[in-house]
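>>> A structural model of the following input is requested.
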Amino acid sequence: MVQRFWLFWLVTLSLGLVFAFGISWLSTATAQSAFVRSTRAQPITATNGPDRRLMNSADLTIDKRAVPAMVAAGQWLTYTIRVRNLGPAAAQNLLIRDVLVSGVNFTGTAFMDVSKGTGAHLQIVATELTGTVAVLNLNGLVTITARAFVGSAVSGSSLSNTASVTTANDSMSANNTVTIFTELSTPTATLTPMPTATLTPGVATPTFTPPVPHADLQIVKRAAPDPVVAGRPLVYTIVVKNLGPAAAKNIVVRDQLPPGVNFAGSSNISVTNGLNPGLVLLATVLTGTVHTLDHNGTITITGRTLVSPAASGATLQNSASVSASNDISLTNNSTTITTMLLNGATPTPTRTPNSPTPTPVASPAPLYLPVLKK
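Take a look at the predicted model:
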C-alpha cells in the first residue's frame, strides 16, 4: 500500500515537470518567433545614407513687390525681385524673367545685386526683363530693382505682374513663380498753385522751402593703346565722379562705340562710395547703372573692344555720357575722345636673301673757301 502511494506521487510529479517544461519551451519559441518577424519588418533604407540626388540639387525661391501699392496711369512704378537659394547645393545657370502687361514699359533704369554668386548679367528690352547668374551658392541672394512707367492707355482695377526663375538643378519648382497685383487708381486732379505772396513791411516773412539737394556728375574717358592698329584690341576706361554736394540718384552711364568697333571679352564696373552697380552690353552699346553715388564717389567702367580689320579712316571718335535724376549741371556730363587708327603694322625695311648688304655712303666733307683780304 505504501509503495503504491509513493508510486502515485512520483508519476504525478513527473507529469507536472514535463508539463511545466513544455509550457516554458513553447513560450520561448513563440517569443523567438515574434522577435524574428519583428526584425524582418524593420526598415533598412536608413543604412543607405542620404539621397545623393537631393544633395546635388538647389531650391530657388522668388518673391516680388511693387512700390507704390496703388498707381495711376501716367505714373512711375518700381518693381523689386528677390531670388534666394535655399540649397543645399549651388544653383547653376539661373534665368530670371519678368514680362510686363500691355501698356506698362521698363524705363531702362534697372539695378542688379548678387550676394554669394558669380556671373551676373541684366538686360531690358521694352516690356521684358531678363537676368542671368552663372552660380548662386547656398543662401545666396539676387536682388533686381527696375522702374516702369504706366502708360495713359492702361485701364482696369489692377495691374498683374509675374516673375519667374529657373535653373538646371532645382529640385522644387513650386516656388519658382510669383504673381503680384498693384491697384490701379484714377489720377487726382491737378492743383492750381497759389499766387506768390507780396512782402509787406511789418508782416511776417512766408516760410521758405529749401530746394532739393543736387549733385554734379563729371565724366572723363581714355583709350589704350593710342594709336591702335586695325584688327587689334582697344580698351576704353570711363570714370564718373560726383562733385556733390548731395548724393547722386539713379545714375545711367552710356557709351556708343564708333563704326568698326565692337565689345569683345570681359567688361566690368566698379563703384567707390556707391550702391547697386549694374552693367549691360549690347554689341556696340554699353549701359552702366548705379542707384546711389555719394559725394566724391566714383564709378569706373572698363570696356574691352576689338577694332575690325576692315576699319578705315585716320581716327576713331567715341563719346560717353552720364545722367542722374538730381544732376542740374549738365556741362560736364559728356565727353568725346579721338584715337589714331593705323591700318596695319608700320612696315619695316626688308632685304632679299643672299643679296649683298648695301655699303653706306659717307657724307661729303664740308668745303671751306679761303677768305681773301684786300
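>>> Surely Asn170 and Ala58 touch.
Actually, residue 170 is Asp rather than Asn. Yes: under the criterion of CB atoms under 8 Å, Asp170 makes contact with Ala58 at 5.6 Å. Every residue, glycine included, has its C-beta placed from N, CA and C.
>>> list the residues that contact both of those two?
With contacts defined as CB atoms under 8 Å, 6 or more residues apart in numbering, the residues shared by Asp170 and Ala58 are Ala91.
>>> Now tell me what touches the strand or helix carrying Asp98 from outside.
Element membership for Asp98 (DSSP states H and E) is strand 91-99. Here strand 91-99 makes contact (CB under 8 Å, 6+ apart) with 58, 60, 62, 64, 79, 81, 83, 85, 127-136, 140, 142, 144, 146, 161-170.
>>> Do you have the strands of the stretch 201-350 of the chain handy? List them.
217-224, 228-229, 233-242, 248-256, 261-263, 268-282, 285-307, 315-323, 334-342 (DSSP state E, counting those that start in this stretch).
>>> before we move on, back to that, direction included, what does the helix or strand following the strand holding Asp98 pair up with?
Helices and strands here follow DSSP H and E; after strand 91-99, the next one along the chain is strand 104-125. Sheet pairing here is set by DSSP bridges, and for strand 104-125 it gives strand 128-150 (antiparallel).
>>> Buried residues, the strand it pairs with. List them.
Going by neighbour count (16 or more other CB atoms under 10 Å), the buried part of strand 128-150 is 129, 131-133, 135-136, 140, 142, 144-146, 148-150.
>>> export the helix or strand following it as PDB, just CAs?
Counting by DSSP H and E, the next helix or strand C-terminal to strand 128-150 is strand 158-166. C-alpha atoms of strand 158-166 as PDB (Å, rounded to 0.1, in the frame of the first residue of the first chain):
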ATOM      1  CA  SER A 158      -5.300  96.400 -61.100                       C
ATOM      2  CA  LEU A 159      -2.100  95.600 -62.800                       C
ATOM      3  CA  SER A 160      -0.900  92.000 -62.600                       C
ATOM      4  CA  ASN A 161       2.800  91.100 -63.000                       C
ATOM      5  CA  THR A 162       4.500  87.700 -62.900                       C
ATOM      6  CA  ALA A 163       8.200  86.900 -62.400                       C
ATOM      7  CA  SER A 164       9.900  83.500 -62.600                       C
ATOM      8  CA  VAL A 165      13.200  81.900 -62.100                       C
ATOM      9  CA  THR A 166      14.600  78.600 -63.400                       C
END
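>>> pLDDT on strand 158-166, on average?
Averaging pLDDT along strand 158-166 gives 92.
>>> Give me the next element, helix or strand, following that strand.
Trace forward from strand 158-166 with DSSP H and E and the next one is strand 177-185.
>>> what's the angle between that following strand and strand 91-99?
20 degrees (axes from the mean of the first three to the mean of the last three CA atoms, to 10 degrees).
>>> follow-up on the earlier one: with distance to Thr287 and pLDDT as added columns, please give the buried residues of strand 128-150 in CSV.
As requested, the buried residues of strand 128-150 are arranged in CSV below (distance: CB to CB, whole Å; pLDDT from 0 to 100):
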residue, distance to Thr287, pLDDT
Leu129, 14, 88
Gly131, 14, 89
Thr132, 16, 90
Val133, 19, 91
Val135, 24, 92
Leu136, 23, 93
Gly140, 25, 94
Val142, 19, 93
Ile144, 15, 90
Thr145, 15, 87
Ala146, 13, 85
Ala148, 17, 85
Phe149, 17, 85
Val150, 23, 88
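>>> quick one: contacts for the closest residue to Ser164 other than its chain neighbours?
In space, Ser164 comes closest to Thr177 once its chain neighbours are excluded; the distance is 4.6 Å by CB to CB, 6 or more residues apart in numbering. Applying CB under 8 Å, 6+ apart to Thr177 gives the contacts Ile62, Thr162, Ala163, Ser164, Val165.
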